[in-house]
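Novice: This is the structure alone, sequence omitted:
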């Protein structure tokens, strides 16, 4: 159904990313194997299912949730955008230790998360791993 050979990297807005999971038509994962070194999550919403399949490293998703969990909002603004005819929301976040203070996490876990806070990086090129997996699947089918 999907062409793993023509994958490309794209930037997604967070609401779109979340919507893909909430309205998922396809939601599955690939566990680490020889061709794919880390867990991959594949998802597409019912609305997007004929257009594209999105793939994410599970580690990247975990970092996103960790970042949200330890963030406290310190500024907030709402402005009307006359061109778009909608409100535009903005704000500032900073890391917080409240999860440890409230007893939901150990202090060392929160301190480790705070150290990673400004260092969110992707764990690597996913499209290359999926192409390799596709080639392995095709060669396996030819052998059988």
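Specialist: Right, received. Where do you want to start? All figures in this text were calculated on a predicted structure; none of them were measured in a lab.

Novice: ok, which stretches of the chain are helices?
Specialist: 14-22, 58-69, 98-101, 107-116, 126-143 (DSSP state H).

Novice: Of those helices, which shows the lowest average pLDDT?
Specialist: Sorting the helices of the chain by mean pLDDT places helix 126-143 lowest, at a mean of 70.

Novice: And the most centrally placed residue in the chain, how close does it get to residue 48?
Specialist: Centroid-nearest residue in the chain: residue 61, 3.7 Å away (criterion: C-alpha atoms, centre = their mean). Residue 61 sits 17 Å away from residue 48, going by C-beta to C-beta, to the nearest Å. The way it works is simple: take the backbone N, C-alpha and C, and place the C-beta from them, glycine included.

Novice: Likewise for residue 27?
Specialist: For residue 27, the distance to residue 48 - C-beta to C-beta - is 12 Å.
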